[in-house]
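Participant: with the input below, show me the fold.
(chains A and B)
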Amino acid sequence: MDRRRKFILWIGAMTALILCFSLLALCMGQFHIAPERVLRELFAPRGADAVRDNVHTTLYNIRIPRILMALLAGAGLAASGAAFQSLFANPLATPDTLGVANGASFGAALGLLLGGSAFAVQGLALLCGIAAVLLVFAVTRGMGLRSPSMLMVILAGMVISSLFSALVSLIKYVADPQDVLPVITFWLMGRFSGVTRASLLLSVPLIALGTLLIFLLRFRLNALSLSEEEAKAMGIRLGRVRLLVIAAAAMTTASVVSVCGVIGWVGLLVPHISRMLFGNDNRYVVPASIVSGALFMLVVDTLARCANAAEIPVSILTAVIGAPVFVLLLRRSGGIGV
Amino acid sequence: MSIEVNGGTFSYRKGEALLQDVSFSAEAGETIAILGPNGVGKTTLIKCLLGFLPWESGSTVIDGKGLRDFRGRALWQRVAYVPQARRPAFSYRAQDMVLLGRNPYLGDFSMPGKRDREIALRAMELAGISHLAEKNCGHLSGGELQLVLIARALAAEPAYLILDEPESGLDFRNQLVVLGLIERLCRERTLTVILNTHYPEHALRVADKSLLLFGKGVYQFGRTQQILTADHLRALFGVEIAVRRERVDEKDYAAVIPLEILDPDTEDRWT
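Facilitator: Numbers count the residues shown, from 1 in each chain, chains lettered A, B, ... in the order given. As a prediction, this is how the structure comes out:
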């Protein structure tokens, strides 16, 4: 039972680190807040009629939403990556495999081009992300196959994905290079600076629900990674379960992209770290990915906003930090579990 | 308690029936071998039998019920399928792989419990692979992997076991391990077994009855000892064949020796 003990230790350690780092992240930033002040604001807030000073506003309107979003985004993307890898029986699958990220990017870029409010941009991104997955299904149906293989679904995903990426380029091409284009470009690079309490309203329930669904389906995911006939012979209603997994991962990814832009690497890196630690059994990979993804994203975002006076786009940091960590782990584990 | 196929017909292309009006049945504790040359539809027959491919006409009847009469997962608590051993994209530990066999008893959102783990361990014991429990399936030999897949099927506690070429690609020793396990399951657990095989000797060794697929929808079904004659084998594979029987330590064995390829144009395969 040593894998089980290791697993419980890992989940415990990650959870403790998440709490410590969250507290640290609340203190850190261009505007430093002392830890005791943060704790007082969190656990003994003054009454509603008390004067809302800078500290209170910074914490409740900026840092807490931002930290929550980073944790959820990391957890959601990592879980979606793990789910898609099993669903497509492909270790290289990522949450963007079906074009969700490019769809959502297109929605956001369109919203920014039209000068919509933050809420409109988020809503449009979410809609287009979901629309991308629906289009993938429509294309797969259009092929006229009785039961489309997962390879066909991936191919349809690539078609839709590149279509939306071309549309994003089109929008960038027509956008005003003086003001709109830089906004779109920075938005697409991924950042948590735009997170507000309002943006959490729409995204948190969807990310939480999607991640929860993947967590609940974790044992079924193991069977999904086998051949179609093996899964059927285990009494699994393939159509239903596959749809559930895709819906869960798509709503999570689209919600994350709609708020934070495109954040690469997490959905690939974190599940594979979990595989190296615990093997491929999704009963371990999914929960380990959720906590590790949350911590990874929080650390990266805290670095992104504290390392430099001007914020560094998150997706640059995920790759710059993620790539060497991944190579190091591959070397140490000899690729076991991958 | 029986599994039967009644008048099963299937074709991949219209007008070219691969399987035509095939009927056979297996009673509790019986083993049935399906024999035939490559591409004749042995695997297709198993896929149709299990409902992975739809019969054009005819049906599979299990315990007196058609496949569609089973509700939800109930069918897969009775029937277990062992595919041809292939390396999976993600390799699981042997015990986790065997535990997947408990899926027919679990809902989409449920986890296997202590009882499921115990049943999986017993299935591994039965298949004689308890020592592999902690091993990664990616590191197992072909024979070991095949036994893991059989144990996974046994974890569903089925009455019927359907195997697709379980001894292909295995060495002599592992062939005997797999065949011995099948014999033991039939005798001790009164499991009904249907298996595809390329080896007439294996059919003669373990199968009570055999189904010979000659191609173009022609087939023969009957008791293995009566039906697996040199004539039938010659027609089956288009090869001149000699059957030699050997008695070793009070037990009869049959050796099937392929002699030479028959020219399909000059030789009438129906002699």
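
Participant: the stretch 51-200 of chain B: strands as residue ranges?
Facilitator: Secondary structure of the stretch 51-200 of chain B (DSSP state E, counting those that start in this stretch): strands located at B:57-62, B:65-66, B:79-82, B:160-163, B:192-197.

Participant: any chance of the ones you listed in TSV, plus distance to residue A:206?
Facilitator: The C-beta positions use only the backbone N, C-alpha and C, and glycine is treated the same way. Below are those laid out as TSV (distance: least, Cβ to Cβ, whole Å):
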stretch	distance to residue A:206
strand B:57-62	43
strand B:65-66	42
strand B:79-82	38
strand B:160-163	42
strand B:192-197	47
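
Participant: looking at the ones you listed, which is closest to chain A?
Facilitator: Smallest distance to chain A across these (Cβ to the nearest Cβ): 3.8 Å, for strand B:79-82.

Participant: touching chain A at all, that closest one?
Facilitator: Yes - using Cβ under 8 Å from any Cβ of the partner chain, strand B:79-82 reaches chain A at B:79, B:80, B:81.

Participant: show me which residues of the stretch 201-338 of chain A are close to chain B?
Facilitator: By Cβ under 8 Å from any Cβ, the part of the stretch 201-338 of chain A that sits against chain B consists of A:216-220, A:222-223, A:225-227, A:229-230, A:232-237, A:240-241, A:244, A:279-281, A:283, A:336.

Participant: please pick the buried ones from these.
Facilitator: Among these, the ones that count as buried by 16 or more other Cβ atoms under 10 Å in any protein chain shown are A:216-220, A:222-223, A:225-226, A:229-230, A:232-236, A:241, A:244, A:279-281, A:283.

Participant: so residue B:209 versus residue A:317, what's the distance?
Facilitator: 67 Å (Cβ to Cβ, to the nearest Å).

Participant: tell me the centre residue of the chain?
Facilitator: Assuming you mean chain A. residue A:77 (2.7 Å; Cα atoms, centre = their mean).

Participant: should've been chain B
Facilitator: By Cα atoms, centre = their mean, chain B has its centre lying nearest to residue B:195, at 1.9 Å.

Participant: ok, that one - contacts?
Facilitator: Contacts for residue B:195 (Cβ atoms under 8 Å, 6 or more residues apart in numbering or on different chains) come out as B:31, B:32, B:33, B:34, B:162, B:163, B:164, B:165, B:166, B:182, B:207.

Participant: okay, and the beta partners of it?
Facilitator: residue B:33, residue B:163 (DSSP bridges).

Participant: could you list the residues of the stretch 1-150 of chain A in contact with chain B?
Facilitator: So far as Cβ under 8 Å from any Cβ goes, the stretch 1-150 of chain A lies against chain B at A:85, A:86, A:89, A:90, A:91.

Participant: isn't the third one up against residue B:89?
Facilitator: Yes - distance between residue A:89 and residue B:89: 3.9 Å, which falls inside the contact criterion (Cβ atoms under 8 Å).

Participant: name the nearest residue to residue A:22, ignoring sequence neighbours.
Facilitator: residue A:67 (5.5 Å; Cβ to Cβ, 6 or more residues apart in numbering or on different chains).

Participant: counting neighbours, what do you get for residue B:228?
Facilitator: 25 (other Cβ atoms under 10 Å in any protein chain shown).

Participant: cool, residue A:154 as well?
Facilitator: Residue A:154: 19 surrounding residues under other Cβ under 10 Å.

Participant: and it, what element?
Facilitator: helix A:150-174 (DSSP states H and E).

Participant: check contacts around the residue lying closest to residue A:35 once chain neighbours are set aside.
Facilitator: Leaving aside its chain neighbours, residue A:35 sits nearest to residue A:27 (5.3 Å; criterion: Cβ to Cβ, 6+ apart). The contact partners of residue A:27, by Cβ under 8 Å, 6+ apart, come to A:33, A:34, A:35, A:38.

Participant: for residue A:27, give its distance to residue A:21.
Facilitator: From residue A:27 to residue A:21 the distance is 11 Å (Cβ to Cβ).

Participant: quick check, residue B:235 in contact with residue B:213.
Facilitator: No - counting by Cβ under 8 Å, residue B:235 stays clear of residue B:213, with 11.3 Å between them.
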